[in-house]
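In: what follows is a predicted structure for the sequence shown.
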There are 2 protein chains.
Amino acid sequence: MDIQRIEAAAGRLKGHARVTPLLSSPFLDEIAGRRVLIKAECLQHTGSFKYRGARSAVSALPDEQRKTGVIAYSSGNHAQGVALAARQFDISAVIVMPSDAPQMKIDNTRALGAEVVLYDRATEDRDAIGSALAKDRGLTLIRPFDEPEVIAGQGTCGLEIATQAAEMGVKEADVIVCCGGGGLTSGIALALDSRAPDMRVRPAEPENFDDVTRSLAAGQIERNTGSASGLCDAIVTPQPGNLTFPIMHRLCGPGIVVSEEEAQRAMAQAFARLKLVAEPGGAVALAAALYHGDEIDSDTVICTISGGNVDRAVFLRALEQFGEG
Amino acid sequence: MDIQRIEAAAGRLKGHARVTPLLSSPFLDEIAGRRVLIKAECLQHTGSFKYRGARSAVSALPDEQRKTGVIAYSSGNHAQGVALAARQFDISAVIVMPSDAPQMKIDNTRALGAEVVLYDRATEDRDAIGSALAKDRGLTLIRPFDEPEVIAGQGTCGLEIATQAAEMGVKEADVIVCCGGGGLTSGIALALDSRAPDMRVRPAEPENFDDVTRSLAAGQIERNTGSASGLCDAIVTPQPGNLTFPIMHRLCGPGIVVSEEEAQRAMAQAFARLKLVAEPGGAVALAAALYHGDEIDSDTVICTISGGNVDRAVFLRALEQFGEG
């Protein structure tokens, strides 16, 4: 993985992926005690950064391979990204989703034209289901993070951060990234290592799913022990990827772990101060910036809001419990 | 008023006002039955387009006049825009606000450093209060819409629409604008008349406050009869302006009037499909695009979400009553 691969992905995404804005609010600066810039990836097509990696990977396939279709495993955001990318290339997409994924994500994936195959996390083997389908139909698996062209696609978000921050006169910052398997985190880290070397990427994770933070501290891949569920469904993964971990280990600072309450408080702040809808997993980096200032040294912090695909009831509860005014 | 004045305002706003994104969703296209592009002015500084006009007007004042401070009348969005612009120039701002304005708008205006003077709409004379303060302290009045430099500032939103739509290959469209006194509507109309002459601006208004729609139909200024209150507080004005009406009459197509329920449905769609927080008055143009398709001829419709400063309770109610999922 190198910057050329990210630049090539940026070329393929040009005119397709949105250049999302880098936002700010004096009210958030005041809470954080430093300047806060927010990369609003919830405004990306399909409501999360995942479209970048999905479109990058699908567009990188040889024509002959692509036209027989693609398959993906996802609790929702990668699913929607792959579904939209497949539809844009007029190819079929099968998405294997856990039956307890947020309903909005299942509905949207279907509405984008994909065939959704649901499985029970507790009793069924996702990989067995997916492998059989892929073999039967000649589908290419688009992995959610441990795939070079997906990492390259997510890295285009880092290219934009470097350019947009420079336009604001910002060259040094901690860049906090909502982290599941590490595709977005490692992609941004690679991009910034080349384009903004005085910035340092920091993964943010929800408590009990802090595999990346512990892995970085230990210097080797560590797994989450609990079953993969929780409010922050978008970024709950069993362990960092075999491709993403070495990149994060080389380039990232320590992880920051936030509580589910802090993630919901950050959702309420994004509503009030940024006019943005953040999903819980997409709000953990903002939560780290706002409520974990003692773990941050830099004068400026940049954080991703990585997605906004949240069921209405979850969003309402966050605002009711943790909103102001 | 001409395009040069808008271009001059754009020069003064460069690096200060945000270039807000032009968004879309296949789900909204499906509801509308045509392509829908959304100019997300709720992402502007202070949460509404009003910052453009306020900064334009404050920055256009001669230094000597500006330094003694400014005053504005506003139910909230213009107030916040003027407050932030004044703070950026390190001058004092007095804002005369109705005591029944949304609490968030009052709080934000104070937090941005302005002195807020509340008055009772029913019993007190806003103009008398403001005039006395202006005279005593040498403050310059920044009118909310009937002021050339304010219209020019709002027109910069139109310059962006023309550029962004052209990048998407869109040259012809109905451009629906949330309309109160007509500052944003007339500014965008002037900008597009020069930069995208095949686009046609259409004002959108809430029912019972359709003064602009009726005035355009009658060919002369007509007033609203009811008292100025309602869910769409941001765009409730007694009548179109003496400067804005002739511009709208010359350049705009017929107005579109939406119900409060439709505005709230549009808020729920903006939440689910765009990940944006829209206030009721800021959602009337999207409501027109989604639910008044029979009044629209063009294949593409562009609409503003003009603001997102909504009290939490109002937003929660809209989602609870009119959201899906």
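Out: Good, I have the coordinates.
In: chain neighbours aside, what residue packs nearest to residue A:154?
Out: Of all residues not flanking residue A:154 in the chain, residue A:187 sits nearest, at 3.4 Å (C-beta to C-beta, 6 or more residues apart in numbering or on different chains). Every residue, glycine included, has its C-beta placed from N, CA and C.
In: any idea how many residues pack against that neighbour?
Out: 33 (other C-beta atoms under 10 Å in any protein chain shown).
In: any low-confidence regions in chain A?
Out: For chain A, the stretches with pLDDT under 70 are A:226-229, A:325.
In: domain parsing of it, as residue ranges.
Out: Listed domain ranges for chain A are A:3-49+A:147-322, A:51-141 (source: automatic domain parsing).
In: the last one and chain B in contact?
Out: Yes. Under the criterion of C-beta under 8 Å from any C-beta of the partner chain, domain A:51-141 makes contact with chain B via A:103-104, A:107-108, A:111-112.
In: tell me which of those residues is nearest to chain B?
Out: Taking C-beta to the nearest C-beta as the measure, chain B sits nearest to residue A:104 out of the residues of domain A:51-141 next to chain B, at 5.0 Å.
In: correct me, but the closest one touches residue A:314?
Out: No. Using C-beta atoms under 8 Å, residue A:104 is not in contact with residue A:314; the gap is 9.4 Å.
In: who has more neighbours out of those two?
Out: Neighbour tally, residue A:104 and residue A:314, criterion other C-beta under 10 Å: the higher count belongs to residue A:104, 20 against 16.
In: and that one, what helix or strand is that in?
Out: helix A:103-111 (DSSP states H and E).
In: got a list of contacts for the helix or strand just after that helix?
Out: With elements assigned by DSSP H and E, the helix or strand that comes after helix A:103-111 is strand A:115-119. With contact meaning C-beta atoms under 8 Å, 6 or more residues apart in numbering or on different chains, strand A:115-119 is reached by A:79, A:92-99, A:106, A:109-110, A:125-126, A:129, A:133.
In: could you rerun that using 6 Å?
Out: By C-beta atoms under 6 Å, 6 or more residues apart in numbering or on different chains, the surrounding residues in contact with strand A:115-119 are A:94-97, A:99, A:109-110, A:126, A:129.
In: same question for stretch A:55-75.
Out: The contact list for stretch A:55-75 (C-beta under 6 Å, 6+ apart) reads A:9, A:12-13, A:16, A:78, A:82, A:85-86, A:91-96, A:98, A:101, A:126, A:130, A:134, A:138-142, A:144, A:149-150, A:152-153, A:233.
In: let's see it at 7 Å
Out: Stretch A:55-75 is touched from outside by A:9, A:12-13, A:16-17, A:78-79, A:82, A:85-86, A:89, A:91-98, A:101, A:105, A:126, A:130, A:133-134, A:137-142, A:144, A:147, A:149-150, A:152-153, A:233-234, with contacts defined as C-beta atoms under 7 Å, 6 or more residues apart in numbering or on different chains.
In: buried sites along it?
Out: Across stretch A:55-75, burial judged by 16 or more other C-beta atoms under 10 Å in any protein chain shown covers A:55-61, A:66, A:69-75.
In: I'd like the distance from the closest residue to chain B within the stretch 151-300 of chain A to residue B:288, if you could.
Out: Nearest residue of the stretch 151-300 of chain A to chain B, counting by C-beta to the nearest C-beta: residue A:275, 3.3 Å away. Residue A:275 sits 20 Å away from residue B:288, taking C-beta to C-beta, to the nearest Å as the criterion.
In: helix or strand right after the host helix or strand of residue A:127?
Out: In the assignment (DSSP H and E), residue A:127 maps to helix A:126-137. The helix or strand immediately downstream of helix A:126-137 is strand A:140-141, counting by DSSP H and E.
In: now for that next one, which elements pack on it?
Out: Helices and strands touching strand A:140-141, as assessed by 3 or more C-beta pairs under 7 Å, 6 or more residues apart in numbering or on different chains; DSSP states H and E, are absent.
In: so what's residue A:153 up against?
Out: Taking C-beta under 7 Å, 6+ apart, we find residue A:153 in contact with A:9, A:13, A:52-53, A:55-57.
In: again, but for residue A:179
Out: Counting by C-beta under 7 Å, 6+ apart, residue A:179 touches A:185, A:203-205, A:212, A:235.
In: what ranges do the helices span in the stretch 51-200 of chain A?
Out: A:63-66, A:77-88, A:103-111, A:126-137, A:148-167, A:183-195 (DSSP state H, counting those that start in this stretch).
In: let me know which of those is the nearest to residue B:167.
Out: Closest to residue B:167 of the helices of the stretch 51-200 of chain A is helix A:148-167 (C-beta to C-beta; 16.0 Å).
In: what's the angle between that closest one and helix A:183-195?
Out: 50 degrees (axes from the mean of the first three to the mean of the last three C-alpha atoms, to 10 degrees).
In: so helix A:148-167 versus helix A:77-88, what angle?
Out: For helix A:148-167 against helix A:77-88, the angle by the same axes, to 10 degrees is 100 degrees.
In: please list the residues of the stretch 201-325 of chain A that sit near chain B.
Out: Residues of the stretch 201-325 of chain A lying close to chain B (C-beta under 7 Å from any C-beta of the partner chain) are A:271, A:275-277, A:308, A:311-312, A:316, A:319-320, A:323, A:325.
In: got the contact list for the residue lying closest to residue A:242 once chain neighbours are set aside?
Out: Leaving aside its sequence neighbours, residue A:242 sits nearest to residue A:146 (C-beta to C-beta, 6+ apart; 5.9 Å). Applying C-beta under 7 Å, 6+ apart, we find residue A:146 in contact with A:181, A:241-244.
In: rerun that using 10 Å as the cut-off
Out: Listed by C-beta atoms under 10 Å, 6 or more residues apart in numbering or on different chains, the contact set of residue A:146 reads A:181-183, A:186, A:237, A:240-245.
In: for chain B, see how far away it is.
Out: To chain B, residue A:146 is 27 Å away according to C-beta to the nearest C-beta, to the nearest Å.
In: quick one: buried residues of stretch A:103-112?
Out: A:104-106, A:108-110, A:112.
In: could you pick out the longest strand of chain A?
Out: Counting residues, the longest strand found in chain A (DSSP state E) is strand A:199-206.
In: send me it as CSV with only the CA atoms.
Out: C-alpha atoms of strand A:199-206 as CSV (Å, rounded to 0.1, in the frame of the first residue of the first chain):
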residue,chain,number,x,y,z
MET,A,199,-0.6,15.3,11.4
ARG,A,200,-1.1,12.1,13.5
VAL,A,201,-4.0,9.7,13.2
ARG,A,202,-5.6,8.3,16.3
PRO,A,203,-8.3,5.6,16.2
ALA,A,204,-11.4,6.1,18.3
GLU,A,205,-13.4,3.1,19.5
PRO,A,206,-16.4,2.3,21.7
